[in-house]
Each structure stands twice: as C-alpha cells, then as structure tokens.
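A.B. asks: Dropping the sequence and predicted coords here.
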Amino acid sequence: MPSFDALKVVEPLIFDFNPYEDLAGTIPEPSEAQLGKFFQDMIEVSKAAEKSMKGIDAAASPDKLMAALGKLPDGSLAGMLARMNKPYADLCSGFPSEEQIGKLPPRVRLAFFGWLSGELNPEGSGAVSRTAPSTAS
C-alpha cells in the first residue's frame, strides 16, 4: 500500500557555500507567506529583466547574444542578478543572508538559485491519483 513519508519526499534544505564563502547549514522550511512573497518578488525581477533585455534576440547564436548583452547599459546584467539576492535570502529566512548570497561568484550563485527553486517542488512530490480496485463482478 502506498504511503507518505515527509522525510523521503521533502529533504531538509542543506547547503554548503565552501570554498567560496565559509558558510553551511540548513535553510529553515519556508512558510506559505514567504513562498507567496518570493514568487511575487521573482515576477518583479522578471519584469525588470525583460525590460532590460528588450530588443535582444535570445534565439540568436551565442556570439550574437553575448554581443547584444555587452551592449546593455553598464551594470544591467549584474543588476538583474543582484536583484535576485534579496528574494532568495527572504525565502531562506535570512540564512543565508542577502550579503552572503551576493558574495558568491555569479555561476555559483545561479546554481544555488536553481537548486533552491527546484527544491520548492521536489521531484516525485506531486499528487498521485490512485484508483481503488473495482469490486464489481
């Protein structure tokens, strides 16, 4: 018979920023209010990114895309990445903090954002519909 085991479906949010930042631990489980605010904040970050990227063809070749990104106003790309620090720190109840997240190199920071976003809906945690066997003959 199928069962639900919370510890097997949703693992603790354990992170380790070493060697880039001397920080490791477990992120507190986010509340519904934190999740709602996080998603709203990320919509705002997306809108700002879309505005900054207007006219850049994301389907272009990597070389053309990089050239177009290079033409963005100074700091636009870095600013978009920096604007993501606070929503993620708030989601983590400040552990890690916005400042600690901001100290990570960009690729590591993006990997952390991707990991944490993926953990908001862990694989295999979706509702499973099971139909009871038929007793009719």
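C.D. replies: That came in fine, so what should we check first?
A.B. asks: Could you use CA atoms for every contact and neighbour count after this?
C.D. replies: Will do.
A.B. asks: Need the residues that contact stretch 22-32.
C.D. replies: Pro12, Leu13, Ile14, Phe15, Asp16, Phe17, Asn18, Leu91, Cys92, Ser93, Phe95, Pro96 (CA atoms under 8 Å, 6 or more residues apart in numbering).
A.B. asks: and the fourth one, that one's in a strand?
C.D. replies: Yes. Read with DSSP: H, G, I helix; E, B strand; the rest coil, Phe15 is one of the residues of a strand.
A.B. asks: how close does the most centrally placed residue in the chain get to Phe4?
C.D. replies: Centroid-nearest residue in the chain: Ser117, 3.1 Å away (criterion: CA atoms, centre = their mean). Relative to Phe4, Ser117 is positioned 22 Å away (CA to CA, to the nearest Å).
A.B. asks: same question, Lys103
C.D. replies: From Lys103 to Phe4 the distance is 38 Å (CA to CA).
A.B. asks: who has more neighbours, these two?
C.D. replies: Lys103 (14 against 8; other CA atoms under 10 Å).
A.B. asks: Count the residues that sit near the residue nearest to the more buried one when sequence neighbours are not counted.
C.D. replies: Of all residues not flanking Lys103 in the chain, Glu21 sits nearest, at 7.2 Å (CA to CA, 6 or more residues apart in numbering). Residue neighbour count, defined by other CA under 10 Å, stands at 13 for Glu21.
A.B. asks: what's the pLDDT at Glu21?
C.D. replies: Looking at Glu21, its pLDDT is 96.
A.B. asks: In contact with it, which residues?
C.D. replies: By CA under 8 Å, 6+ apart, the neighbours of Glu21 are Gln100, Lys103, Leu104.
A.B. asks: Right, I'll call it a day here.
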